[in-house]
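Chemist: model the structure of this input:
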Amino acid sequence: MDAISFGTDGWRATLDEFTAPRVRIVGQGVATYLRDEGHEGGTVAVGYDARASSPEFAEELARVLCANGFDVVMPEGRDRPTPLTAWQSQERDLAGALMITASHNPPEYNGVKFIMGDGSPALPEATDAIAERLAEPDPLPAEQHGTVYEVDEVTPHAEHAMDLVGADLDGLHVVYDAMHGSGRDTTDALLASAGATVDRLRCERDPEFGGSSPEPSEENLQELVQVVRDRDADLGIANDGDADRIAVVTPERGFLDENLFFAATYDYLLESDSGPVVRTVSTTFLVDRIAEAHGEAAYETPVGFKWVADAMAEHDALVGGEESGGFTVRGHVREKDGVLMGLLAAAAAVEEPFERRVARLLDEHGEVHQSRVSVDCPDAEKDRVIAEVGEALPDAVAGVAVERVNDADGFKALLADGSWFLVRPSGTEPKLRVYAEAESEARVEELLSAGRAIVEPLV
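Modeler: Numbers count the residues shown, from 1 in each chain. The predicted model follows:
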């Protein structure tokens, strides 16, 4: 049980640690927690991604939950995206949901996350309560066991997405890259049903994800960039392994920085709606500038979509997101959804190509560049190193005075020239992240070098 810990987005580990007995222990912890919360005899959704081990682990969870008196709904026939399981939890008014996925991690990983009954990610008060109840399975008598049902997760989610976005994509040519993950036959099918011409890339299930991590990063999407250009497509859209994240490719820019995609999408939504924006501490200030120009507020949270979801509810935000590609919008489930966002990105591109919209926003609000580097750091040392970073922060960084320090998630130094750098622990890997944002790439590199110089001697 000591090996099970819930980080930024559930428990993830390599398959030598992520084992069937431990998954059963998690299942019992969730069952006990749900009973204690008054959901005895309720229904729980269990979903899974495209990894080779995921169906087996999902079945283990279902068996434990059923043995504790819960009915279980699972996706019909195959793996499906995390946001579809989250949508099931909200749409069917379930007790909660569990998803077997390691998201964008390499194929030798797997994981499990608990989703609240309203479809939002679990906050620490819930995951801590589950952790306190971890135990070997304790089945009820057989006559009290629940039943497993397979359900169509795709259709109700797609119908809701179409109603919410209202997209007419007739004439739009999209290349969709599933990265061999669970978005295949889901995101591309949604785009096609809205009228787009869709070319498909890496839309065959491969539990090894082609030998790399199913992360929609610039490095991993160069083939998509090339195909978009070769086929004279209007847009490229990619999802990560469990399709809760999105990345966008345009003919001229190639990979579109997630910060710029976020800003452009918020700008598009403000053309027909109003409301504040929620972003994580590592996400661009450009969305703040757009919000201010429209008389709206911007709210900052720690990294982790659970915090974004919580702030969206508190402030009735129009959109919430993070620089790693996770977003959702008001009126939808408060969980990042790369499927819905694929449809929304396409709708925005029909209205105004991303290149043109981004260029206009940068002209209006100033150039923005951002990057990050990682520093290896054992998990057991993270708290110590972060505390020492706070003590080691200088009065000036790369020649510019530090005006303010935000310690909501690591340490974020806001500088007098409007730039910033952030040091925080990764929630999924034994690393510290150093982020920087400034008006030029050269200035970003200066800040990253200065940040590393502060961090590395402390590790």
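
Chemist: do I have it right that residue 415 meets residue 395?
Modeler: No - taking contacts as CB atoms under 8 Å, residue 415 lies outside contact range of residue 395: 10.8 Å. (Each C-beta comes from the backbone N, C-alpha and C, glycine too.)

Chemist: which residues are common contacts for the two?
Modeler: Listed as contacting both residue 415 and residue 395 by CB atoms under 8 Å, 6 or more residues apart in numbering are 401, 402.

Chemist: who's more crowded, these two?
Modeler: residue 415 (21 against 6; other CB atoms under 10 Å).

Chemist: how close does that one sit to residue 398?
Modeler: 8 Å (CB to CB, to the nearest Å).

Chemist: likewise for residue 129?
Modeler: For residue 129, the distance to residue 398 (CB to CB) stands at 44 Å.

Chemist: same thing with residue 213?
Modeler: Applying CB to CB, the value for residue 213 to residue 398 is 31 Å.

Chemist: tell me which residue lies nearest the centroid of the chain.
Modeler: Centroid-nearest residue in the chain, with CA atoms, centre = their mean: residue 326, separated by 3.6 Å.

Chemist: ok, now which ones touch that one?
Modeler: Residues in contact with residue 326 (CB under 8 Å, 6+ apart) are 244, 245, 305, 308, 336, 338.

Chemist: same question, residue 204
Modeler: 180, 184.

Chemist: any idea which helix or strand carries it?
Modeler: In this assignment (DSSP states H and E), residue 204 forms part of neither any helix nor any strand.

Chemist: next: residue 405.
Modeler: Going by DSSP H and E, residue 405 is part of strand 400-406.

Chemist: so for that strand, mean pLDDT?
Modeler: Strand 400-406 comes out with an average pLDDT of 94.

Chemist: what do you get for stretch 220-227?
Modeler: Stretch 220-227 comes out with an average pLDDT of 98.

Chemist: give me the buried positions along that stretch.
Modeler: For stretch 220-227, the neighbour count (16 or more other CB atoms under 10 Å) marks 220, 221, 224, 225, 227 as buried.

Chemist: out of those residues, which comes closest to residue 202?
Modeler: residue 224 (8.5 Å; CB to CB).

Chemist: tell me who's in contact with the closest one.
Modeler: Contacts of residue 224 by CB under 8 Å, 6+ apart are 175, 177, 201, 236, 238, 249.

Chemist: could you export the strand holding residue 405 as CSV, CA atoms only?
Modeler: Provided in CSV are the C-alpha atoms of strand 400-406 (Å, rounded to 0.1, in the frame of the first residue of the first chain):
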residue,chain,number,x,y,z
VAL,A,400,16.0,42.3,-14.0
ALA,A,401,14.5,42.9,-10.5
VAL,A,402,12.1,40.5,-8.9
GLU,A,403,8.9,42.4,-8.1
ARG,A,404,6.9,39.6,-6.6
VAL,A,405,7.1,35.9,-5.8
ASN,A,406,4.1,33.6,-6.0
